[in-house]
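In: could you look at this predicted model? Sequence included:
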Amino acid sequence: MQTIRTAPEAPDRAQLAADPHRPRYHFLPPANWLNDPNGMIDWDGTLHLFYQYNPNGPFHGTIHWGHASSTDLVHWRDHLVALTPTPGGPDAEGCWSGCAVNNNGTPTFVYTGVNPQTVCLAVSTDDLESWQKYPGNPVIAAPPPAIAAYSGHDFRDPYVWCEDGLWWMVIGARREGVGGLVLLYRSPNLTQWEFVRVLLAGNEQASPYFYEGAMWECPNLLDFGERRALIISVQDAQWRLQHAAYFTGRYDKGVFAPETGGVLVYGHAFYAPQATRLGDGRILLFGWLRETRPAAAAQAAGWSGCMSLPLIVTLQTDGKLRLTPAPELEALRQQCWSLSDLPLTPHSEHRLEITGAALEIEIEFEADQVDDYGLAVCCAPDGAEQTRIVIKPEQGELWVEHVGADPALALPMERAPLTLTPEQPVRLRIFVDSSVLEIFVDDGPCLITRIYPQRADSQGVRLFAAGAPVDVAHLSAWRLASIW
């Protein structure tokens, strides 16, 4: 076994703490680049989160695996880098995404080595603090020849579980000119793998539930008993990251029959989620929140990327997946502001007393409306800069609009579908964290985006109604403490 050498030591978190765009209660490394969550595993009651990390700067390159752990899903402890590329080895150009499993008491990584893209192993013998690479790496050197002929170099992101006495793996690939693939493998011991079949194939030109793109990355297969969910991350033919999406359906003896599907999270920021089952049975998921500002801005800031909130995944009776913030986040709540039964007249605004760059807001609107309404966050006192969360009854959508944002940021207008039923209130749960905005619709979609307020005083919250009156049945808001 080869013991992994350590990467350059990360700077102290305090060096970047004053950055107004740096999140306070979303996990991110002390500095530099972060992308996909990897190797999530609940080990003796502690959640270990590994992640794609570049210790050399806030840009993608020389990918290592960073490491953090938490005993409460909220507060985090930084550890030494877990995986480092080995010169001349199968991961010489990077240790890309993968997972962690408990192999009869031995923590084991199954990850992507590049380049070419292969499957490699590493194990730990001291409670996940140091790792040794398997000397027989790679354990899968390439996809089957028939698939390699049309998948090019794309073969990555293994996700592994144990079932019926065997190890099973799903891994992302593509059929060039057609669409993404998820391949299924099995093994008796994690080192000898047999290709079983193409578990699911996509079609870029015919997508019944969402745009399926050209390549499927970071597959996860989640077990909900009689149903399973296959989560994928969609890349187009120009290697542009699109969205995380899912299929749900029946799975039996290595055969998956999807019955429905959808976009997992709306918005341009969220990508490459990974899920794991906690010791209490809940399925926990994190996703990478990428920067939507220019790369030069991230370079100047000294950091790029953060994790989403810790999210609990459940399967609804209609086959849709639902994401809800982990209830452990409520420990961050500080003083509460609340109101009830507030009428908003047409073309009016109501300014809340609460302000801040780290907020949680729960709001319930009476939904019998025909015109736009909603709330704005990160508002400057004069309203010249604000981020508006707009419920659009006529379109049946939720929009996020950036008012007064720096044009150089080119922030996209975000939207998500919204099912509005007469006499059924609209409930939103909203998290603002410096440059992160996460919105969860009760029994509906979630939308996650990045915002970059330019003014230090853009910290207000306002309610608004357009051309028709709106009733706010209830609102509660909290400032949230830092997790550091």
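Out: Structure received. Computed from a prediction, not measured in an experiment: that's the story for all the values here.

In: and the pLDDT at the closest residue to residue 443 other than its chain neighbours?
Out: Sequence neighbours aside, residue 322 is the residue nearest to residue 443 in space, at 7.3 Å (criterion: Cβ to Cβ, 6 or more residues apart in numbering). Every residue, glycine included, has its C-beta placed from N, CA and C. With respect to pLDDT, residue 322 scores 98.

In: name the element residue 322 belongs to?
Out: Element membership for residue 322 (DSSP states H and E) is strand 321-325.

In: name the helices or strands packed onto that strand?
Out: Using 3 or more Cβ pairs under 8 Å, 6 or more residues apart in numbering; DSSP states H and E, the elements in contact with strand 321-325 are strand 311-315, strand 436-441.

In: what's the shortest one packed up against?
Out: Okay, so that is strand 311-315. Using 3+ Cβ pairs under 8 Å, 6+ apart: strand 311-315 touches strand 283-289, strand 321-325.

In: now with 10 Å, please.
Out: If you count contacts as 3 or more Cβ pairs under 10 Å, 6 or more residues apart in numbering; DSSP states H and E, strand 311-315 packs onto strand 215-223, strand 228-235, strand 241-252, strand 270-277, strand 283-289, strand 321-325.

In: those into a markdown table, with extra columns for mean neighbour count?
Out: Compiled in a markdown table, the helices and strands packed on strand 311-315 are given as follows (neighbours: other Cβ atoms under 10 Å):
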| stretch | mean neighbour count |
| --- | --- |
| strand 215-223 | 24 |
| strand 228-235 | 25 |
| strand 241-252 | 19 |
| strand 270-277 | 23 |
| strand 283-289 | 24 |
| strand 321-325 | 19 |
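
In: hmm, back to that, give me whichever of the helices and strands packed on strand 321-325 is most buried.
Out: strand 436-441 (a mean of 23; mean count of other Cβ atoms under 10 Å).

In: state the distance from the closest residue in space to residue 264 that isn't next to it in sequence to residue 419.
Out: Spatial nearest neighbour of residue 264, excluding adjacent residues (Cβ to Cβ, 6+ apart): residue 244 at 4.3 Å. From residue 244 across to residue 419, the span is 21 Å (Cβ to Cβ, to the nearest Å).

In: for stretch 182-202, which residues meet the burial criterion?
Out: Neighbour-count burial for stretch 182-202 flags 182-187, 190, 193, 195, 199-202 (criterion: 16 or more other Cβ atoms under 10 Å).

In: quick check: residue 279 vs residue 43, distance?
Out: 9 Å.

In: the two: who's more crowded?
Out: residue 43 (15 against 11; other Cβ atoms under 10 Å).

In: where do the strands sit along the stretch 351-484 of the chain?
Out: 358-365, 373-379, 386-392, 397-403, 414-417, 426-433, 436-441, 446-450, 460-465, 470-480 (DSSP state E, counting those that start in this stretch).

In: name the helices or strands packed onto the third one?
Out: Put plainly, it is strand 386-392. strand 358-365, strand 373-379, strand 397-403, strand 414-417, strand 426-433, strand 436-441, strand 460-465.

In: can we see that at 7 Å?
Out: strand 373-379, strand 397-403 (3 or more Cβ pairs under 7 Å, 6 or more residues apart in numbering; DSSP states H and E).

In: residue 423 and residue 366 touch, don't they?
Out: No. Counting by Cβ atoms under 7 Å, residue 423 stays clear of residue 366, with 8.7 Å between them.

In: looking at those two, which has the bigger crowd around it?
Out: residue 366 (17 against 7).

In: count the residues that sit near the residue nearest to residue 348 when sequence neighbours are not counted.
Out: Leaving aside its sequence neighbours, residue 348 sits nearest to residue 465 (Cβ to Cβ, 6+ apart; 5.8 Å). Residue 465 has 23 neighbouring residues, counting by other Cβ under 10 Å.

In: need the contact list for residue 465.
Out: 344, 345, 346, 348, 373 (Cβ atoms under 7 Å, 6 or more residues apart in numbering).

In: which stretches of the stretch 301-450 of the chain have low pLDDT?
Out: By pLDDT under 70, the weakly predicted segments of the stretch 301-450 of the chain are 367.

In: try 80 this time
Out: 367-369, 443 (pLDDT under 80).

In: how about the buried residues of stretch 182-202, which pair is most distant?
Out: 190 and 202 (27.7 Å; Cβ to Cβ).

In: how much space separates the most centrally placed residue in the chain from residue 329?
Out: The centre of the chain sits closest to residue 287, judged by Cα atoms, centre = their mean, with a distance of 1.5 Å. For residue 287, the distance to residue 329 equals 15 Å [Cβ to Cβ].

In: next one: residue 123
Out: From residue 123 to residue 329 the distance is 33 Å (Cβ to Cβ).

In: returning to that earlier point: nearest to residue 60, of the strands of the stretch 351-484 of the chain?
Out: Among the strands of the stretch 351-484 of the chain, the nearest to residue 60 by Cβ to Cβ is strand 446-450 (16.9 Å).

In: what does that closest one contact?
Out: 265-270, 289, 291-292, 308, 323, 398, 400, 414, 416, 435-440.

In: repeat that for stretch 108-128.
Out: Under Cβ under 7 Å, 6+ apart, the answer for stretch 108-128 is 39, 43, 48, 83, 90-91, 93-101, 106-107, 130-134, 137-142, 153-158, 160, 190-191.

In: could you do stretch 274-287 as well?
Out: In contact with stretch 274-287 (Cβ under 7 Å, 6+ apart) are residues 37-38, 40-42, 45, 49, 218, 220, 222, 244, 265, 270-273, 307-308, 310-313, 323, 326.

In: pull up the distance across it, start to finish.
Out: For stretch 274-287, the first and last residues are 6 Å from each other (Cα to Cα, to the nearest Å).

In: one more: stretch 194-207?
Out: First residue to last in stretch 194-207 (Cα to Cα) measures 30 Å.

In: same check, this time on stretch 374-385
Out: Note: stretch 374-385 ends 16 Å apart using Cα to Cα.

In: buried set for that stretch?
Out: For stretch 374-385, a neighbour-count test (16+ other Cβ under 10 Å) marks 374, 375, 376, 377, 378, 379, 380, 385 as buried.

In: what's the closest non-adjacent residue to residue 340?
Out: In this structure, residue 340 finds its nearest non-sequential neighbour in residue 474, 5.1 Å apart by Cβ to Cβ, 6+ apart.

In: tell me the pLDDT at that neighbour?
Out: Reported pLDDT for residue 474: 98.

In: what's the neighbour count on it?
Out: 15.
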